[in-house]
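# I would like to see how this sequence folds:
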Amino acid sequence: MAAGLLLLLVCAGGLLLPAEAQGSYDQLPTALKAGVDLALEQLMSHAGVKHHFRFLKSVEKNERDEGFGVRFLFHHFHLRPTRCAKGTAASDARICPFRNDRPMMDCAVCYKTVNEQIETTPEPYVHCIQRPRLTAEMTTTRMDHWKKMTYRTGGASIMALKMSRNYLSHNDELRRGDYLLSNNREWKAVFQNDGNFVIYGWKPTWASDTCESDAVRLIMQADCNLVMYNSNDTPRWSTGSYLQGSHVCRVQLTDDGKLLRHHNGADKKKKTKNFDHPQVKIDLIYEANRRFKKIIHPQVAILANHTDSSRPGTELADSPTDYKGKTGTQDISEYLCGD
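So this is what the prediction gives:
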């Protein structure tokens, strides 16, 4: 590849710059520094690049905050070659001053961060080219990558297809075949091709009882309700966890197989709701569901699609069309489809 053009789709990495680095780089937020470091690392590892570079200035910055420390970032910036040899660790302006006889490098990066750290899913996008060679088409391509990374269609997932993360943020969704994976990789929550949403450990432990439904997507709505919709946007199943007011919601699969909903309200306080039943032994639930093939509520031993009068404020709707915008919350009942 020519020295002028570097187009890379790479896994996240970092280049640790020394504390004495000077100039505008030091003024960047931590998450933006990580993107600059990623671009510098890729430049320095590329055989066609002959010079040492330092950060010069930002040109454009875009950000989308998903809440809970999750952000998507686009950063367009310039790097300038220095008088140091390629591979020089020092980035201090006093040691590696800029040179003006070589063209600047024009770079754009877009990536996701969690708590200021770059994530590998989706893969970060890095594009660097000598400034005089940058074309309008390249600029458009850069923005297309940013839009693709942050694109939603009616609340569709920003990620695609197979999920390797353990959460859904508000307005993220799963399509059939997609799944959440716990950080310890011991639990998986799968939106199966038969329409059932199932949590697995070494065997199934919980399911939504939506086998053979026509639901095609499972979305964590901005109102904190986790809802299945068919292709006509008709709701087919829900957790009934609708909340009034303004909230930032997230559902998470934990390392012990719990499905939790977190939300920040207007008071900015973080609240958590457990959707499943960790206090009930898995083997008992598994056996009960195999025998009865019904929705078993382990706390009160009733069919869960009836109103639970023993738990004030909790109602489990009979009609799927009642799910959207349902007030109140409840635990999701245990059920396994099939044998």
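# list the contacts for Ile199?
Residues near Ile199 by C-beta atoms under 8 Å, 6 or more residues apart in numbering: 187-190, 205-207, 253, 257, 259, 276. Yep, even glycine has a C-beta here, placed from its N, CA and C like the rest.
# Paired strands for the host helix or strand of it, with orientation please.
Counting by DSSP states H and E, the element that carries Ile199 is strand 197-200. Its sheet considered, strand 197-200 pairs with strand 188-191 (antiparallel), strand 204-207 (antiparallel) by DSSP bridges.
# quick one, which of those strands is nearest to Cys249?
Cys249 lies closest, by C-beta to C-beta, to one member of these: strand 188-191, at 16.2 Å.
# Restricting to C-alpha, output that closest one in CSV.
The C-alpha trace of strand 188-191 is given here as CSV (Å, rounded to 0.1, in the frame of the first residue of the first chain):
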residue,chain,number,x,y,z
LYS,A,188,-25.9,-16.6,26.7
ALA,A,189,-29.3,-14.9,26.1
VAL,A,190,-30.4,-15.9,22.6
PHE,A,191,-33.3,-14.6,20.5
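# what does the average pLDDT come to for it?
What strand 188-191 shows for mean pLDDT is 87.
# Which residues does it contact?
174-182, 197-200, 217-218, 253, 259.
# Next, count neighbours for Glu137.
Close neighbours of Glu137, defined as other C-beta atoms under 10 Å, add up to 8.
# hmm, I was thinking of Leu56
17.
# Then the one 5 residues further on?
Counted with other C-beta under 10 Å, the neighbours of Lys61 add up to 14.
# Assign Lys33 to helix, strand or coil.
Secondary structure, DSSP: H, G, I helix; E, B strand; the rest coil: Lys33 is helix.
# Dump the contacts of Ile199 to CSV, plus neighbour count and distance to Ala34.
Listed next are the contacts of Ile199 as CSV, based on neighbours: other C-beta atoms under 10 Å; distance: C-beta to C-beta, whole Å:
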residue, neighbour count, distance to Ala34
Trp187, 22, 29
Lys188, 17, 29
Ala189, 25, 29
Val190, 20, 32
Thr205, 23, 37
Trp206, 27, 37
Ala207, 23, 39
Leu253, 25, 26
Gly257, 19, 32
Leu259, 23, 30
Asp276, 22, 35
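# Need the per-residue pLDDT for Asp223.
80.
# What's the local residue count around the nearest residue to it once chain neighbours are set aside?
In space, and not counting its chain neighbours, Asp223 is closest to Tyr242: 5.1 Å by C-beta to C-beta, 6 or more residues apart in numbering. Residues near Tyr242, counting by other C-beta under 10 Å, number 19.
# swap in Lys57?
Using other C-beta under 10 Å, Lys57 has 12 neighbouring residues.
# do the same with the one 3 residues further on
A total of 11 residues lie near Glu60 under the criterion other C-beta under 10 Å.
# again with the one 4 residues further on
Using other C-beta under 10 Å, Arg64 has 14 neighbouring residues.
# what do you get for Glu63?
Residues lying near Glu63 (other C-beta under 10 Å) number 14.
# Look up the pLDDT of it for me, please.
90.
# Could you do Ala2 as well?
Looking at Ala2, its pLDDT stands at 44.
# Ala108 now?
On the pLDDT scale, Ala108 gets 96.
# Tell me the buried residues in the one helix or strand it maps to?
Assessed by DSSP H and E, Ala108 sits inside strand 105-114. For strand 105-114, a neighbour-count test (16 or more other C-beta atoms under 10 Å) marks 105-113 as buried.
# Identify the bridge partners of Ile219.
Assessed by DSSP bridges, Ile219 has beta-bridge partners Glu173, Val227.
# cool, and Leu260?
As assigned using DSSP bridges, the partners bridged with Leu260 are Gln252, Asn274.
# Quick one, grab the pLDDT at it.
Leu260 is given a pLDDT of 82.
# Likewise for Ser231?
In this model, Ser231 is scored at 81, pLDDT.
# what's the following helix or strand after the helix or strand hosting Met44?
Per DSSP H and E, Met44 falls inside helix 30-45. Remark: after helix 30-45, the chain's next helix or strand is strand 51-67, criterion DSSP H and E.
# quick one, that next one and strand 105-114 angle?
30 degrees (axes from the mean of the first three to the mean of the last three C-alpha atoms, to 10 degrees).
# who does strand 51-67 touch, helix- and strand-wise?
helix 30-45, strand 70-85, strand 248-253 (3 or more C-beta pairs under 8 Å, 6 or more residues apart in numbering; DSSP states H and E).
# Need the winner for burial among the ones you listed.
Counting by mean count of other C-beta atoms under 10 Å, strand 248-253 has the highest mean neighbour count of those, with a mean of 23.
# so what does that strand touch, helix or strand wise?
On a contact count with 3+ C-beta pairs under 8 Å, 6+ apart, strand 248-253 meets strand 51-67, strand 167-169, strand 215-220, strand 259-264.
# between it and strand 51-67, how many degrees?
Going by the same axes, to 10 degrees, strand 248-253 makes 100 degrees with strand 51-67.
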